[in-house]
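> dropping a prediction and its sequence here:
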Amino acid sequence: MLLAGADPGLASRIGADGVHLPERLAYRAAGLRRARPGWLVTCAAHSAAAVAAARRRGADAVVLSAVFPSASPSAGRPLGPLRFAALVSSARLPVYALGGVRGRTARRLAGSGAAGLAAVEALLP
């Protein structure tokens, strides 16, 4: 699946399967789902409150970060695998792990309930 970042117009032009919204734009999830019923709408989340808000606002899933220490300028204090798993268990929607996820750290998320993993640094040369 291909999701465009926060730009529904771009998503339409490139034939994307949906959009990924930053946490500050999560309020747009329900409207996008109504306008484009076939689209997948995901939201970034950095806290339990943001996960709950994304769910209430109609997101299909959240990308929760940062799970581990990350070099990303937007990464906050890492949740760690135990807190991440606790947030997943209370989320009531699919949660993907992001932030410091690479081969070595991904193993620490086994059994966390994560719907999947997202990575940036692990994919860089």
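Alright, I've got the coordinates. Small disclaimer: the values here were computed from a predicted structure and weren't measured. Numbers count the residues shown, from 1 in each chain.
> next SSE downstream of the longest helix seen in the chain?
In the chain, taking DSSP state H as the definition, the longest helix is helix 80-91. Toward the C-terminus, helix 80-91 is succeeded by strand 95-97 as the next helix or strand (DSSP states H and E).
> low-confidence bits of this protein, can you list those?
The model of the chain has pLDDT under 70 over residues 73, 124-125.
> counting contacts, what elements does the longest strand along it pack onto?
If you go by DSSP state E, the chain has its longest strand at strand 40-45. Here strand 40-45 touches strand 18-21, helix 29-35, helix 48-56, strand 61-64, going by 3 or more Cβ pairs under 8 Å, 6 or more residues apart in numbering; DSSP states H and E. (Glycine included, C-beta is placed from N, CA and C.)
> ok, which of those comes nearest residue 106?
With Cβ to Cβ, the closest approach to residue 106 among those belongs to strand 61-64: 14.3 Å.
> coming back round to it: mind putting the helices and strands packed on strand 40-45 into a markdown table with mean neighbour count and distance to residue 41?
Formatted as a markdown table, the helices and strands packed on strand 40-45 follow (neighbours: other Cβ atoms under 10 Å; distance: least, Cβ to Cβ, whole Å):
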| stretch | mean neighbour count | distance to residue 41 |
| --- | --- | --- |
| strand 18-21 | 24 | 5 |
| helix 29-35 | 15 | 5 |
| helix 48-56 | 18 | 9 |
| strand 61-64 | 26 | 8 |
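> how about those in JSON lines, adding distance to residue 72?
Shown next, in JSON lines, are the helices and strands packed on strand 40-45 (distance: least, Cβ to Cβ, whole Å):
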{"stretch": "strand 18-21", "distance to residue 72": "15"}
{"stretch": "helix 29-35", "distance to residue 72": "23"}
{"stretch": "helix 48-56", "distance to residue 72": "17"}
{"stretch": "strand 61-64", "distance to residue 72": "12"}
